[in-house]
Structures are given as C-alpha cells and as structure tokens.
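**Student:** Quick one, structure for this:
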Amino acid sequence: MTGGRIRVLIVDDSAIVRKILVEALSEESDIEVVGTAPDPYVARDKILALAPDVVTLDVEMPRMDGLTFLRKLMHYRPLPVVVISSLTQPSAIAAMEALRLGAVDVLPKPGGPYSVGELRLALASKVRAAASARVRPAREQVPSSPASMPAAPGHGRLPSLIAIGASTGGVEAIQSVLTQLPQQSPGIVVVQHIPPVFSGTFAGRLNQLCRLRVKEAADGDLVEPGLALIAPGDYHMVVRQAGTRYRVIVKSGPKVCYQRPSVDVLFASVAEAAGGDAVGALLTGMGTDGAQGLLKMRQTGARTIAQNEATSVVFGMPREAIRLGAAAEVLPLGAIGPALLRPGHSVTAEAQKTQR
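**Tutor:** Sure, this is the predicted structure:
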C-alpha cells in the first residue's frame, strides 16, 4: 500500500462496468484505483507494472476467461481477488469455483436488483477486507474423513442444533466444516454473507460435497438431523421453536451490522429458541457481525467456538467474539467440525464472572 492507501486494479471487459467500479471507489480516501484492464493479458502486464494490493476480476471475459486467469495468478503471483459477477446461474457457478481457486470474495455486478448505490458501499468494504486477507491456494474438492457421532453422551449432552456464521473467506471455511460432519449430524443453520442466487449455488455445491443434505433455506423449513439450511442471500434467517422441534423463518428487514443475512440475527434467535441445547461457531470474516449473537448464545448455556487467527482468511468477526468473551473455545478450522459434535456444556455467564 502507498501512504496507507489500498491500490486496486479493475479487470473487466465492459468499459461501462469499469467506469462504474472506478467511480464507486473514487470517493474512498483509503483506496486508490491504480489502473484498469479490459482482459487478462492487459491485466497481467499491469499487475507487473503497478503492483496492486487487490484485483477486482470479472469471470466472463474474451481472450482468456477469468477462471483461467485466476488459476494462473494464484500460481505465479498470488494476490487478493474480489470477483465481480453477474447474477446468473452460470456466473454464480463460476464465482463459486473462483472462491475455491483462491478468490477472497464475490460481489454482483450493478444492474437489476443490485443498484450502483449498493455496489459503492459493498465494493469498498470487500476491497478493504481483501487487502487484509490471507490469500489461500486452491483446495481440491475431496471429502475429508468425517467426524463420528459420539456413541454415548458421556459428560454432557449432544447439541440438538448447530449454528454457523461466516463472511469473507467463509465459503471455503463452511465447506471445510460441513464436509467433516457425518450424515446424521444434528440440524444445522448457516449464515454466510453472500448475494442472492450465489447462496443457492453455494448450497447446491455443498450438497454435492457433503455427507449430510444441504439446501438453501425456505420460509417454514424444519431443522432436521442430517440437514444443513443455508440462509438465502439478502434475507435474514431466524430459528423458532415448533413444539419439540425447530423451524426457520426467512424474512426481510433492516440490515444488521451492514449485513442481510446477519449472523447476529441468526445467533440471537438460536439463543432464544435452543439455549444450552445449541452449539455455535463463528468463522472467518471482516467486521463484527455474529460476535454479539455468539455472546447471547454463550450466556444462555450454548457451547461457543471461534475460528483462530492462523486459519482465518480475515480475523475480524472471530477476534471481536473473543474480545467480548463470547467464545468458550478458539480452534483452528480443521478442529471445528469434530468439536461441534462433542458432548458438553458451555461455561455460563455466571461461571465466566467467577473465572475472571
């Protein structure tokens, strides 16, 4: 960075989109657009000449598609990349693949339901997150060895509900956790900060990779063993009791911590509905969303986990949860899946006070 400013290169074959992205970032005092490129070949030369801190990348371009370019970039000169993609099913699939290849985040192109004003706010935030991210190499999509369900409850009880929240870097982190879980896991509810359309594609990809069933949540879905429900993009998801079971409500509403869906909204509802029968995990992400909700879960007796700094792409949300005393455990990503299935109780708020 030059003088503390984040240097950005914009790569998109559309001159109109390049202009919109430049204008969206031009009002940010801590961000400088150092160049634009209409295709990956020009982008390659400008990366070498301009040494940007962050690249925004369209996945559909002539001469060389964005995924091929991203694969080469991550191999030869890894940089934080924010993918800018249209809201179509093929583009959403390509964007999910870009995240697997090492892109930090994804953002819809302006137009249709996603306005230029929304883009201005979201793009600057994602560029800042990318600038502080740990760039990860591509991960092979192979199932990990599943954690086993404990045969006997032992000391404490198994959770009846698992709640997971994440943001920047979370698509791959959630995949890592869910692919560790066996087919008959407790019911799972997940909030990942992700745009509409992309959330359905994300759920579909997880359903192919995981032993348990994964789907995008619909209003009124029951939370069932062996099922993970992913909050739809641009909708909050809350959990409510339905007799002896749980049901999700999918709804609109004001953004919380600048997010919809919000992890705080989900976690607060889980604290109210399930209390000590739940376990919560807050994974990688920029900002503070989820920290207050995780604290509410811990105060109502739930076990709570935050991802550690070394394995987080961005350590913002987990750091805030740890600072608040919301996380009973701080674990590396690879240990979170098995920990979700471990019997036991959270340290209650009163017990926390006596430990201080």
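**Student:** count of neighbours near the closest residue to G276 other than its chain neighbours?
**Tutor:** Excluding the flanking residues, the one nearest G276 by C-beta to C-beta, 6 or more residues apart in numbering is G301, at 2.9 Å. Just so you know, the C-beta spots here come from the backbone N, C-alpha and C atoms, and that holds for glycine as well. When counting by other C-beta atoms under 10 Å, one arrives at 17 neighbours for G301.
**Student:** ok, the helix or strand encompassing I84: who's next to it in the sheet?
**Tutor:** Using DSSP states H and E, I84 sits within strand 81-85. Strands that pair with strand 81-85, judged by DSSP bridges, come out as strand 54-58 (parallel), strand 105-108 (parallel).
**Student:** Could you dump those into a markdown table with mean neighbour count and distance to R18 added?
**Tutor:** Rendered in a markdown table, the data for these read as follows (neighbours: other C-beta atoms under 10 Å; distance: least, C-beta to C-beta, whole Å):
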| stretch | mean neighbour count | distance to R18 |
| --- | --- | --- |
| strand 54-58 | 26 | 9 |
| strand 105-108 | 26 | 14 |
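**Student:** Which one of the ones you listed lies nearest to A122?
**Tutor:** When those are compared by C-beta to C-beta, strand 105-108 sits nearest A122, at 5.9 Å.
**Student:** Show me what secondary structure element comes after the closest one.
**Tutor:** Counting by DSSP H and E, what follows strand 105-108 is helix 116-131.
**Student:** and R100, that one's in a helix?
**Tutor:** Yes - secondary structure of R100 (DSSP: H, G, I helix; E, B strand; the rest coil): part of a helix.
**Student:** State the number of residues packed around it.
**Tutor:** R100: 18 neighbours (other C-beta under 10 Å).
**Student:** One more: the one 3 residues further on?
**Tutor:** Residues within reach of A103, counting by other C-beta under 10 Å, total 31.
**Student:** three-state assignment of it?
**Tutor:** coil.
**Student:** That one: what's its closest spatial neighbour, skipping adjacent residues?
**Tutor:** Per C-beta to C-beta, 6+ apart, closest to A103 is V81, 4.4 Å.
**Student:** For that neighbour, list each beta-bridge partner.
**Tutor:** Counting by DSSP bridges, V81 forms beta bridges with V55.
**Student:** residues contacting it?
**Tutor:** By C-beta atoms under 8 Å, 6 or more residues apart in numbering, the residues touching V81 are V54, V55, T56, L57, L70, L73, A98, G102, A103, V104, A130.
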